[in-house]
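**Student:** Starting from these lines, generate the structure:
(chains A, B, C and D)
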Number of protein chains: 2
Amino acid sequence: MSPRKPVQQELTQDMIMDAARDLFVSKGYQHVSMRQIAKELGCSHGTLYYHFKNKAELFYELVEDHFVLLNQRLQEVLGKDLDEREKLKQILVAYIEFGLNHQSHYEIMFLTKDEEVRNLLNQGPNRSYEIFAQSVARLSGKKLKVQEIWLLFLSLHGFVTHYCRYVNGFEEVKDLAEAHADFLLKLI
Amino acid sequence: MSPRKPVQQELTQDMIMDAARDLFVSKGYQHVSMRQIAKELGCSHGTLYYHFKNKAELFYELVEDHFVLLNQRLQEVLGKDLDEREKLKQILVAYIEFGLNHQSHYEIMFLTKDEEVRNLLNQGPNRSYEIFAQSVARLSGKKLKVQEIWLLFLSLHGFVTHYCRYVNGFEEVKDLAEAHADFLLKLI
DNA sequence: CCTCCTTATTGACCACTGGTCAATAAAATA
DNA sequence: TATTTTATTGACCAGTGGTCAATAAGGAGG
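**Tutor:** Residues are numbered from 1 along each chain as shown, chains lettered A, B, ... in the order given. Sure thing, here's the model as predicted:
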């Protein structure tokens, strides 16, 4: 017997994720409750646990999507017709831009200490970092050590991490972000 | 009428802070409840609210102490009889060391998004950063822009932030920390 | 049409959280 | 001793994440 096809009114994972995304983005993971999400959807909170194992896993599904987004953004820059040095800079800036424009997700992607969430994150961060690292290695003129690229990444990460707390979006700090990119480019 | 002097058995702020410190350090801010602290002290959780306005303020008192500790550590390095370049490096490494050996506190000092806690942090971070910035400016040979020192700091911060999640203490990542310091020193 | 089975949904329930507050015990003062 | 100040308690509140038996709703087979 084939699985019952869901009817229009019924809740889908996508519907839940859409509602959850809005709330998580505007309030942050910690400050959104499953009951709030359910209220937004006009259903009981118990229902959410039928579709997702728990709050962490619901958020994880959202985050997975965002890693794809980050990867796309990096690939987009790589596809541009630009001087290599400039492209390298734009990679760094694009990374910062992504972080500051998706703060709640960046938090989970690279900042959370919450083990429940973190145990779910496996390939996401690695794949994104691989793209980043390979781009830097290729676009930089010099022969870079693996370690140097990693330390460069951590330096970028520090910028994002800090301004995630003080700023609502990339635009507010765009100039400084470019300065940071230029600053770090001296290293490679 | 002078204030009543507390008697031996009565709870003091220090006693609460000692118990709270242990718990916060071992479990992190989010995973310690006021009731757990009260249990540790053998008192009712209501009592804690007599001595501290709320959980955030209790933690804040702890954090204040830790800023003093960080400042002392930096001053200690500055007092050493060393080549200026080496001293500069040690400042950077000492900062990382402090962050990784006081992770729960570093989290609050420089990472928390919790507004309740953050609104309490005023002078602490500024004073510590001032010491850091002035040391770097003085010890570096070059004339550095204020912005460059700030970006250097953010790069250090990124290292600490990241390894706070993956490591239990400075020792586990000492070599890499030194490499990071050397790496960043190329910038100044 | 009527079973039977799968799928979705509900809301009561649990143990927990941070925080408040009237009642009260105990010590210091007058 | 009587009064005032200080410290402590535990019931209480509104909220949390999560579980689960009961139930409704839809499809498949007869």
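
**Student:** Minimum distance to chain B, which residue of chain A gives it?
**Tutor:** Going by CB to the nearest CB, chain B is nearest to A:Gly158 of chain A, at 2.4 Å. All C-beta spots, glycine's among them, are computed from the backbone N, C-alpha and C.

**Student:** where's that residue relative to DNA strand C, distance?
**Tutor:** To DNA strand C, A:Gly158 is 29 Å away according to CB to the nearest atom of the strand, to the nearest Å.

**Student:** what's the closest non-adjacent residue to that residue?
**Tutor:** B:Gly158 (2.4 Å; CB to CB, 6 or more residues apart in numbering or on different chains).

**Student:** So for the longest helix anywhere in chain A, mean pLDDT?
**Tutor:** Criterion DSSP state H: the longest helix present in chain A is helix A:55-79. On average, the pLDDT along helix A:55-79 is 91.

**Student:** since we're on the residue of chain A closest to chain B, how many residues are nearby?
**Tutor:** Neighbourhood size, A:Gly158 [other CB atoms under 10 Å in any protein chain shown]: 24.

**Student:** ok, and what's touching whichever strand or helix holds it?
**Tutor:** If you go by DSSP states H and E, A:Gly158 is part of helix A:146-163. When contacts are defined by CB atoms under 8 Å, 6 or more residues apart in numbering or on different chains, helix A:146-163 is touched by residues A:92, A:95-96, A:99-100, A:106, A:110-111, A:129, A:132-133, A:136-137, A:173, A:177, A:180, A:184, A:187-188, B:110-111, B:151, B:154-159, B:161-162, B:176, B:179-180, B:183-184.

**Student:** mind checking how far it is from the chain centre?
**Tutor:** Averaged C-alpha coordinates place helix A:146-163 at 15 Å from its chain's average position (CA atoms, centre = their mean, to the nearest Å).

**Student:** After the helix or strand of chain A with the lowest mean pLDDT, which helix or strand is next?
**Tutor:** None of the helices or strands of chain A scores lower by mean pLDDT, DSSP states H and E than helix A:115-118, at a mean of 66. Per DSSP H and E, the first helix or strand lying C-terminal to helix A:115-118 is helix A:123-139.

**Student:** Tell me what angle that next one forms with helix A:146-163.
**Tutor:** 120 degrees (axes from the mean of the first three to the mean of the last three CA atoms, to 10 degrees).

**Student:** Just the CA trace of the helix holding A:Gly158, in PDB.
**Tutor:** Provided in PDB are the C-alpha atoms of helix A:146-163 (Å, rounded to 0.1, in the frame of the first residue of the first chain):
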ATOM      1  CA  VAL A 146      47.400  24.200   4.700                       C
ATOM      2  CA  GLN A 147      47.800  25.700   8.200                       C
ATOM      3  CA  GLU A 148      48.100  29.200   6.900                       C
ATOM      4  CA  ILE A 149      44.800  29.000   5.100                       C
ATOM      5  CA  TRP A 150      43.200  27.700   8.200                       C
ATOM      6  CA  LEU A 151      44.600  30.500  10.300                       C
ATOM      7  CA  LEU A 152      43.400  32.900   7.700                       C
ATOM      8  CA  PHE A 153      39.900  31.400   7.900                       C
ATOM      9  CA  LEU A 154      39.900  31.800  11.700                       C
ATOM     10  CA  SER A 155      40.800  35.400  11.300                       C
ATOM     11  CA  LEU A 156      37.900  36.000   9.000                       C
ATOM     12  CA  HIS A 157      35.700  34.000  11.400                       C
ATOM     13  CA  GLY A 158      36.700  36.400  14.200                       C
ATOM     14  CA  PHE A 159      35.400  39.300  12.300                       C
ATOM     15  CA  VAL A 160      32.100  37.700  11.600                       C
ATOM     16  CA  THR A 161      31.700  36.400  15.100                       C
ATOM     17  CA  HIS A 162      32.300  39.800  16.700                       C
ATOM     18  CA  TYR A 163      30.000  41.800  14.500                       C
END
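
**Student:** looking only at pLDDT, what's the mean for that helix?
**Tutor:** 96.

**Student:** Out of the contacts of helix A:146-163, which end up buried?
**Tutor:** Buried members of the contacts of helix A:146-163, counted by 16 or more other CB atoms under 10 Å in any protein chain shown: A:92, A:95-96, A:99-100, A:106, A:110-111, A:132-133, A:136-137, A:173, A:177, A:180, A:184, A:187-188, B:110-111, B:151, B:154-159, B:161-162, B:176, B:179-180, B:183-184.

**Student:** So which residues make contact with stretch A:79-90?
**Tutor:** Residues from elsewhere that reach stretch A:79-90, judged by CB under 8 Å, 6+ apart: A:77-78, A:135-136, A:139-141, A:178, A:181-182, A:185, A:188.

**Student:** how about JSON lines for the residues you listed, with distance to chain B added?
**Tutor:** Shown next, in JSON lines, are these (distance: CB to the nearest CB, whole Å):
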{"residue": "A:Val77", "distance to chain B": "21"}
{"residue": "A:Leu78", "distance to chain B": "23"}
{"residue": "A:Ser135", "distance to chain B": "18"}
{"residue": "A:Val136", "distance to chain B": "14"}
{"residue": "A:Leu139", "distance to chain B": "18"}
{"residue": "A:Ser140", "distance to chain B": "14"}
{"residue": "A:Gly141", "distance to chain B": "16"}
{"residue": "A:Glu178", "distance to chain B": "11"}
{"residue": "A:Ala181", "distance to chain B": "10"}
{"residue": "A:Asp182", "distance to chain B": "9"}
{"residue": "A:Leu185", "distance to chain B": "10"}
{"residue": "A:Ile188", "distance to chain B": "10"}
